[in-house]
Every structure is written in structure tokens, then in C-alpha cells.
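> Just a sequence and a predicted model for now, questions to come.
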Amino acid sequence: MMSPILLQVISSTLAWLFLYWGFLYRNRHRRAEWSGRMVTLLHGLMVTFLSGYIVFIDGPWPLTHAGHPNTPLQEFALCLSLGYFIFDFCWCILSDTEGDLILSHHLLSMGGMSLVLDSGKSGSEISAIVFVSEITNPFLQMRWFLRDSGRYHSFAGDVVDILFVVLFLGLRIAGGAWIMHSVMKSPKTFGTLKGGILAMYGVSFMFLVEIYSFAKKKISKKLQAWKNRRTQGDHTKLLGHSVLVTKVGGQAEPHPM
């Protein structure tokens, strides 16, 4: 007889797959990646709110109860998320749209969730890790949708990028280090899971290197654009002053180029 946990994981995987097919059917004029990104956006929003509720309201607190038995709500959330990662990992392989870093992240996520569901404990710390990991994902997807619609280079694009970087540094890096420290000290968390969490944090640092490179380029472009606008503004003012002098007092000296 199939276990309830396995049944939930299979049901979750099928639900995400049917949702993807639904987006494909309703948006036949769009690329398949658009539908895949919509599924990813919905998963990010759902699992962020659900894991946040588990960590901050339903409990137990992960920093003091690492390694404790799973609650039914923790198991439901992990089954929901594991089903998504199974779907998305297969989608990434078939579509060949993501690199090794994303695939490694998915494999570690699937492995960690499977261990926790199989062992029946450590749901609190994994829920916390899911929260700090997935809270930035909706902004990443919004950035893609803004690019796809040609509206990325706007105030909205800047806001999305800033929020993504701030949340990544504040929660995924700083918050992730706090969670990892508590997990490593916990005598109830088994060693394999500790190793997986450590590897997951390493992947986050590799993402951080990419984010640093992106932020550096974007800031450099913004500064250059600001300097160009300022130079053009000064040039316009000087030309205007020259025309005014010519009209009022005679021939003005030519403006040096």
C-alpha cells in the first residue's frame, strides 16, 4: 500500500504539471518558458507564505527545535514543494534552459526534503530554509516577466532588483547562516542532513557571486547613464547661454566642443 507521504508527493507533482499544461493551453501564443515561469512564480508565492506561517506562527521555532518530529502542516508544505521541484527539475532538463548551479540547487532541495519526509523529523529547520530560499524567487520571476514584456529598464525593474538583492543578502545569506549555525549545533539533526544544509548554503554563496557581478554591472551602467545625462544637461545650458548672449549683446564666442 502506498504511504500517505508518497501519495502527497505524487499528487503535488501531477498538480504542478497540470497547472503548467493549463498555462500552456491558455497562452498558446507565448513561449513554453512563460508558462514554466508562471508555475515557478506561483510556487514561490505559495511556499513562501506557507513556510513563513509555519516558522513564525505555527511552530515550533527552528532555532530551538531543530531535529524535532515533523508536524502535519510541515509535511504538507514539504510534499507540496518537493512535487514542484521534481516537476521543475524535469522541465529544466527537457528544455535545457538552466545551468548546473540551478540543477544542483534542485537536487539538493529534493534530497533534503526527501530525507526529512522519510525520517519524520527536522521539518522545522527545513521549513525555515525553504522560507529564506524561496522568498527571493518571486522577484527573480518578476524580473524575467519585465524583461519579456520590454519593461525591465524602468523604475519597476529597479525596485524588483533592489528588493531581490536586499532579501537575498538579509535572509538567504544572513538568515541562512543563523539557521545553519543552529542546525550544526543540534544533536538531534542527523549528519547527512547537516551536510546537505551546508552544501545548500554553499550554493547560495555561488549565487551571491553571480548577483555581485550583476549588481556591479548594473550600478556601473546607471552611473554612466547619469554622467551622460549630466554632461548633456551642462552642454544644453551652455548652448542656451550662448544663444541668449548673442540675442542680447551681440555675437557670442563659439562653444568649445
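Yes, it's here. Note that the structure is predicted; figures quoted are calculated from it, not measured. Residues are numbered from 1 along each chain as shown.
> now for the helix ranked longest in the chain, which elements pack on it?
In the chain, taking DSSP state H as the definition, the longest helix is helix 191-249. Applying 3 or more C-beta pairs under 8 Å, 6 or more residues apart in numbering; DSSP states H and E, we find helix 191-249 packed against helix 100-119, helix 123-134, helix 155-167, helix 176-185. Where you see a C-beta, it was placed from the backbone N, CA and C, and this is true even at glycine.
> run the last query once more with 7 Å
Using 3 or more C-beta pairs under 7 Å, 6 or more residues apart in numbering; DSSP states H and E, the elements in contact with helix 191-249 are helix 100-119, helix 155-167, helix 176-185.
> okay, the angle between the first one and helix 123-134?
Helix 100-119 and helix 123-134 meet at an angle of 160 degrees, taking axes from the mean of the first three to the mean of the last three C-alpha atoms, to 10 degrees as the criterion.
> Could you list the low-pLDDT ranges of the protein?
Applying pLDDT under 70 to the chain flags the ranges 1-2, 233-257.
> tell me the centre residue of it?
N137 (2.4 Å; C-alpha atoms, centre = their mean).
> show me what contacts it?
40, 44 (C-beta atoms under 7 Å, 6 or more residues apart in numbering).
> And P62, its phi and psi?
Backbone torsions for P62, taken as degrees, to the nearest 10, come to phi -70, psi -30.
> Tell me, how many residues neighbour it?
Neighbour count for P62, taken as other C-beta atoms under 10 Å: 25.
> which residues touch it?
55, 124-125, 127-128, 179, 182.
> sorry, back to before: could I get the helices and strands packed on helix 191-249 in TSV, plus columns for mean neighbour count and distance to F145?
Shown next, in TSV, are the helices and strands packed on helix 191-249 (neighbours: other C-beta atoms under 10 Å; distance: least, C-beta to C-beta, whole Å):
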stretch	mean neighbour count	distance to F145
helix 100-119	18	18
helix 155-167	15	9
helix 176-185	17	26
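> can you redo those helices as TSV with distance to S133?
Below are those laid out as TSV (distance: least, C-beta to C-beta, whole Å):
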stretch	distance to S133
helix 100-119	8
helix 155-167	11
helix 176-185	8
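> I'd like to know which of these lies nearest to L223.
helix 155-167 (13.5 Å; C-beta to C-beta).
> returning to that earlier point: of the helices and strands packed on helix 191-249, which approaches T48 most closely?
Nearest to T48, of the helices and strands packed on helix 191-249 and by C-beta to C-beta, is helix 155-167 at 10.3 Å.
> okay, the angle between that closest one and helix 123-134?
Using the same axes, to 10 degrees: helix 155-167 against helix 123-134 is 150 degrees.
> angle of helix 155-167 against helix 191-249?
With the same axes, to 10 degrees as the basis, helix 155-167 and helix 191-249 are set at 140 degrees to each other.
> hmm, who's touching helix 155-167?
135-136, 139-140, 142-143, 146, 151, 211, 215, 218.
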